[in-house]
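1. coords please:
(one chain, ligands or ions: 1)
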Amino acid sequence: MDSMKDRKIIIDDTTLRDGEQTAGVVFSLEEKKRIARMLDQIGVQELECGIPAMGAEEQASVKALVDMGLAARLITWNRAVVADIQASIDAGVTAVDISLSVSDLHIAHKLRKSRDWVREQLKVSLGFAKEKGLYVSVGGEDSSRADLDFLSELMTIARGMGADRFRYCDTLGILDPFSMYENIRTLRQRVPDLDIEVHTHNDLGMATANAIAGLRAGATFVNTTVNGLGERAGNAALEEVVMALKHACGVDPGVDTHRFVELSRFVGQASCRPVPEWKAVVGEKVFSHESGLHADGVLKNPGNYEGFDPAEVGLARYLVLGKHSGSHGLLHRLRQLGIELDRLEANDLLERVRSISQRNKRPLTDQELLTLCRSPRKVA
Ligand SMILES: [Zn+2]
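-> Numbering: from 1, shown residues only. Model prediction:
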């Protein structure tokens with residue numbers, strides 16, 4: 001395995017294409033522009049920003065994004081059809097993803113064609129795109145169920161015709177990280193001089209893991225979406241992939257992570273898909289500590305129970321007082337609220353905090369805590 005540390009990893013975020021393709025999700029042009037601007041500002045290198053062949057409105061919105069003059073490269077999604085690619089050219093982009101179904105299942109039951117037809121479509125569409133001087137990613141839809149020999153053959157044809165990379169799509173999210181790793185490694189070995197991009201879906205909860213596995217096996221491009229928004233169970237989440245690269249793999253993809261929460265909240269709101277409190281990396285409560293042992297550990301040294309500093313993604317640490325709290329956490333919170341108690345008083349208060357939390361099935365608010373402090377327990 002060539003080390004990830006020696007390779008430049010490029011993030012191609014597809015929030016504006018696959019993200020918007022989520023059933024029921026529509027972004028306004030203003031929202032698209034704001035998302036594109038934020039992604040560009042934090043250093044995401046490439047944005048997949050629409051499907052111009054869908055019609056005049058989509059074409060105009062891609063054009064508006066092109067006119068923003070972002071540093072990120074804009075790429076569009078196209079079927080392997082000349083008219084689609086022409087629509088992308090008309091929208092002003094210079095990079096295209098040309099998508100073809102590559103599994104025998106899709107070829108027989110979706111396209112109702114043959115492998116020969118797929119080879120021919122690739123040659124015609126890629127030939128046209130390269131003749132027009134476009135940067136091209138050849139996208140293999142349903143690659144994860146395709147025959148690796150056929151994929152290698154298509155990649156060899158693509159490379160020979162000047163394609164810039166091959167997008168390996170786990171369209172249905174059915175791979176596990178081990179098979180992803182094996183497949184990408186095999187393709188890297190067979191067609192070493194064509195870059196690979198991995199496009200993963202979260203149907204089995206493994207989109208991020210599969211994206212990382214693909215990168216470890218030699219892919220250099222990875223598709224993400226903010227909050228993991230995308231078809232069905234979604235795509236690999238931008239914030240998870242970047243933080244996993246940094247903290248699990250020791251590779252910095254050059255993205256400023258401090259605005260992840262801001263970006264996540266905005267996309268959550270624009271997509272009408274609010275971010276769950278427990279969402280990995282950006283959920284409101286993922287740095288809340290309640291259990292006595294954990295709160296005590298975090299107060300002694302945050303590194304005891306936090307894998308990374310919450311400020312790195314724009315979150316704050318929060319100690320919750322509830323059923324599992326201990327006295328150290330309680331005293332700390334009270335001190336923040338300007339209240340000093342001795343050990344005995346704190347133990348008494350802790351007992352009441354725990355029983356109220358148990359009864360209400362939630363932690364106590366600061367207001368409730370203050371009220372409790374002002375009303376000492378009556379002697380029975
Ligand atoms: Zn997809």
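2. what sits closest to residue 240 if chain neighbours are left out?
-> Across the structure, with C-beta to C-beta, 6 or more residues apart in numbering as the measure, the residue nearest residue 240 apart from its sequence neighbours is residue 208 (4.3 Å). Any C-beta I mention is one placed from the backbone N, CA and C, and that applies to glycine too.
3. with residue 117 instead?
-> Ranked by C-beta to C-beta, 6+ apart and with sequence neighbours excluded, the top spatial neighbour of residue 117 is residue 111, at 7.1 Å.
4. could you list the low-pLDDT ranges of this protein?
-> 1-2, 376-380 (pLDDT under 70).
5. kindly recompute the last result at 90.
-> Residue ranges of the chain with pLDDT under 90: 1-7, 289-296, 299, 317-320, 328, 336, 342-343, 373-380.
6. please enumerate the strands of it.
-> Per DSSP state E, the chain carries strands over the ranges 10-13, 46-48, 73-79, 95-101, 135-141, 165-170, 195-200, 221-224, 288-289, 318-319.
7. okay, which residue is most central for the chain?
-> Computing the C-alpha centroid of the chain and ranking residues by C-alpha atoms, centre = their mean puts residue 237 first, at 1.3 Å.
8. now stretch 365-373: how far from the chain's centre is it?
-> Stretch 365-373 sits 39 Å away from the centroid of its parent chain (C-alpha atoms, centre = their mean, to the nearest Å).
9. excluding its own residues, what touches it? List them.
-> Under the criterion C-beta atoms under 8 Å, 6 or more residues apart in numbering, residues 321, 333-334, 337, 339, 341, 349, 352-353, 356, 364 lie in contact with stretch 365-373.
10. let's see if you can find the most crowded of those.
-> residue 321 (26 neighbours; other C-beta atoms under 10 Å).
11. that one reaches residue 290, doesn't it?
-> Yes - taking contact to mean C-beta atoms under 8 Å, the distance of 7.3 Å between residue 321 and residue 290 places them in contact.
12. what sits in contact with each of the two?
-> With contacts defined as C-beta under 8 Å, 6+ apart, the residues shared by residue 321 and residue 290 are 329, 363.
13. which one of the contacts of stretch 365-373 is nearest residue 38?
-> Distance ranking of these against residue 38, using C-beta to C-beta, places residue 333 first at 33.7 Å.
14. how about that closest one, what does it touch?
-> Counting by C-beta under 8 Å, 6+ apart, residue 333 makes contact with 319, 321, 366, 369.
15. of the residues you listed, select the buried ones using a PyMOL command.
-> Written as a PyMOL command, the selection of buried residues from these, which uses 16 or more other C-beta atoms under 10 Å, is:
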select buried, resi 319+321+369
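16. take the contacts of residue 333 and keep only those in helices.
-> Using DSSP state H, the members of the contacts of residue 333 that fall in helices are 366, 369.
17. and the contacts of residue 333 as TSV, adding distance to residue 152?
-> Rendered in TSV, the data for these read as follows (distance: C-beta to C-beta, whole Å):
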residue	distance to residue 152
319	54
321	58
366	61
369	63
